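J.: quick one, structure for this:
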Amino acid sequence: MNTNILEDIFTPEDLRQLPAERLQEVSAALRKFIIDIVATKEGHLGASLGVVELTIALHYAFNTPKDLLVWDVGHQAYGHKILTGRRLQFHTNRRLNGISGFPKREESEYDTFGVGHSSTAISAALGMAIASNLRGDLDKHHIAVVGDASIASGMAFEGLNHAGVTKANLLVILNDNAIGIDPSVGALKQYLTKARVGYKPKQSNIIEALNFKYFGPVDGHDIGGLLEVFEQMKQIRGPKFLHVITTKGKGLKRAEEDQVKYHAPGKFKPETGELLTYDTAGLPLKYQDVFGLTLVELAKKNEKIIGITPAMPTGSSLKFMMQAFPERAFDVGIAEQHAVTLSAGMATQDFVVFCAIYSTFLQRAYDQVIHDVALQKLSVIFCLDRAGLVGEDGATHHGVFDIAYLRCIPNLIIATPSNEKELRNLLYTAQLGIELPLAIRYPRGRGIQKVWETPFEEVAIGKANCLQEGDDLVVLSIGNMVYNANKAIEKIENKSIGHYDMRFVKPLDEEVLHTIFKKYKYVVTIEDGVVTGGFGSAVTEFAAKHDYKAKIRSLGVPDEFIQQGKIKELQEIAKINVEYIEEVIVSLLQNL
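T.: Model prediction:
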């Protein structure tokens, strides 16, 4: 094998200059390149390994970028990025000022649509195809590659349903690997599991029922077979559907055997796939595990506790409850809207429902949060993992909007635990019985306390915690920003600075706020969400309502999309890091 064959491929046009017999050589080199880079730089591995041959065949058979290729679930697209001019930059993947881990329109003309969340490709490609028809460009091809279980999402079906009654020159490719981040679930998955290369199940084909011309299933690792079927499909007008069977993690034995772990495995030995271990002894537990283990502990005593997650049992650590109480914990697939309304339905029957969902993914169910939960005062408990800046996944995954988009909803409580014990006690308090929905937001990664399994204590809803009194300046912080604020205050010598962990964004502790604004000349608010409409805005609104004259300085994520990078780097960019907080406090104190 000539591993240097990639060095001559800078664009798909270069790829198309090769004879088809050499494409298998390209696939071996491309797979090795991805493995070698991700082994040392980290990132999403299994999904891109599974579509290496499919990626090559697509760019070889179709005239990209004139023909428009849209990827669903962007972590399939590493091979696509490498073949479209970003091979030399691929080592910067997911790093600050490097290339994005997902397709991004600003990055390349080959990235026709930005993709971070799932299930959008069919609708986007259909929109492009209809636009081409309107321009009279009837020869252009529009391809949506749907993978990692996102075909089962409601939005994917909405796109299929519309496409079936159009004349759009649309090709939907189902990359069927039977797994997303966790194993796929649902009736559609059961149907697809019965399909294999060369065989369609006898039961009615739902895709054909939607007026698509259906092809497959075909072997997604057979480049020659893929090229043959693509040439056939290019001659057919209208909506088409190709069912491709692939293996997630293809080409790395351990990634094929443990597809969940090798979705994004961290660093590993490229030759064997053996994960590189690092010493976690004595380190605090991850917040997600504090949630998952605490929920199991509570569920043992409270039989009404239910756990629900949309396709993230491992990422949210609801897996612990699914293992302990499989009949009371549900993975509903990539279906955030369904997850929220399912939770609401169960709450009407007096169950205590914990809906574990990433902050960024709850955005996809905003209508359901308002109409199906808050309007009806149903006491669903939203456990918002990955709140705040999340690091290398970048703009599509930062959970920085939740405070702003939830704060305006009536009847909704928003809690922001500052450490693992606070999270644990909020979960305990929630299952004791609350009359309103509650959102508990907590960050990605490890906590700050080594000892967290302490006896449960009930939390007073809407009550702040005074960490220290001061004279002229007070800091009001929430969530993990309490830690940053503490560190900043510790570095300032001989100054009496007040500090409150506000704990709740809604309802605010107005009793405490009255005391604060009557005493202090300067109020500094700190949050890891967008400053526009966030916690600081809530404090400012309170001050304006009651005609307080203290000067307020609100620190938070600015009015821009923050890109990928390490969390410490991004906190510095957003100016919510320890050093900047210290600088602001010192500057204000000098004005006294």
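J.: going by C-alpha atoms from here, please, whenever you check contacts or count neighbours.
T.: Noted.
J.: tell me the SS of the nearest residue to residue 474 once chain neighbours are set aside?
T.: Closest residue in space to residue 474, ignoring its immediate chain neighbours: residue 498 at 4.1 Å, by C-alpha to C-alpha, 6 or more residues apart in numbering. Secondary structure, DSSP: H, G, I helix; E, B strand; the rest coil: residue 498 is strand.
J.: quick one, what contacts residue 557?
T.: 400, 527, 528, 529, 530, 531, 574, 575, 576 (C-alpha atoms under 8 Å, 6 or more residues apart in numbering).
J.: identify the bridge partners of it.
T.: Note on residue 557: beta-bridge partners by DSSP bridges are residue 530.
J.: quick check: it vs residue 534, distance?
T.: Separation of residue 557 from residue 534 (C-alpha to C-alpha, to the nearest Å): 9 Å.
J.: overlap in contacts of the two?
T.: By C-alpha under 8 Å, 6+ apart, the residues touching both residue 557 and residue 534 are residue 527.
J.: re earlier: now, the most widely separated pair of the contacts of residue 557?
T.: 400 and 575 (13.9 Å; C-alpha to C-alpha).
J.: which one's more surrounded, those two?
T.: residue 400 (26 against 19; other C-alpha atoms under 10 Å).
J.: so the more buried one makes contact with residue 389?
T.: Yes. Assessed by C-alpha atoms under 8 Å, residue 400 is found in contact with residue 389 at 6.4 Å.
J.: shared neighbours, the two?
T.: 528, 529.
J.: pretty sure residue 144 contacts residue 67?
T.: No. Between residue 144 and residue 67 there is no contact under C-alpha under 8 Å: 11.2 Å.
J.: does the residue nearest the centre of the chain sit in a helix, a strand or a coil?
T.: Centroid-nearest residue in the chain: residue 397, 4.4 Å away (criterion: C-alpha atoms, centre = their mean). At residue 397 the chain is in coil, as set by three-state DSSP.
J.: my guess is it meets residue 116, correct?
T.: Yes. Under the criterion of C-alpha under 8 Å, residue 397 makes contact with residue 116 at 7.2 Å.
J.: let me know the secondary structure of residue 552.
T.: strand.
J.: for residue 473, see how far away it is.
T.: 10 Å.
J.: between these two, which one's more packed in?
T.: For residue 552 versus residue 473, neighbours defined as other C-alpha under 10 Å are more numerous around residue 473 (24 against 19).
J.: any low-confidence regions in this structure?
T.: 1-3, 148, 178-204, 494 (pLDDT under 70).
J.: what is the longest helix of it by residue count?
T.: Across the chain, the helix with the greatest residue count (assigned by DSSP state H) is helix 23-41.
J.: which helices and strands does it pack with?
T.: Packing partners of helix 23-41 (3 or more C-alpha pairs under 8 Å, 6 or more residues apart in numbering; DSSP states H and E): helix 52-61, helix 78-81.
J.: need the winner for burial among those helices.
T.: helix 78-81 (a mean of 27; mean count of other C-alpha atoms under 10 Å).
J.: show me the contact partners of that helix.
T.: 30-31, 34, 48-49, 51-52, 55-56, 87, 90, 101, 103.
J.: one more time with 7 Å, if that's ok
T.: 30, 48, 52, 55 (C-alpha atoms under 7 Å, 6 or more residues apart in numbering).
J.: and for stretch 436-450?
T.: 282-287, 374, 377-388, 390, 411-417, 419-420, 479.
J.: quick check: residue 523 is in a strand.
T.: Yes. Judged by three-state DSSP, residue 523 forms part of a strand.
J.: okay, now it: neighbour count?
T.: The number of residues packed near residue 523 is 25, by other C-alpha under 10 Å.
J.: ok, it touching residue 471?
T.: No. If you go by C-alpha atoms under 7 Å, residue 523 and residue 471 don't touch, sitting 11.4 Å apart.
J.: okay, and which of the contacts of stretch 436-450 map to strands?
T.: 381, 382, 383, 384, 385, 413, 414, 415 (DSSP state E).
J.: surely the fourth one touches residue 358?
T.: Yes. Taking C-alpha under 7 Å as the definition, residue 384 is a contact partner of residue 358 at 5.2 Å.
J.: now residue 476, what's its secondary structure?
T.: Residue 476 is classified as strand under three-state DSSP.
J.: hey, what's it bridged with?
T.: Beta-bridge partners, per DSSP bridges, of residue 476: residue 500, residue 525.
J.: so what's it up against?
T.: Residue 476 neighbours (C-alpha under 7 Å, 6+ apart): 499, 500, 501, 502, 524, 525, 526.
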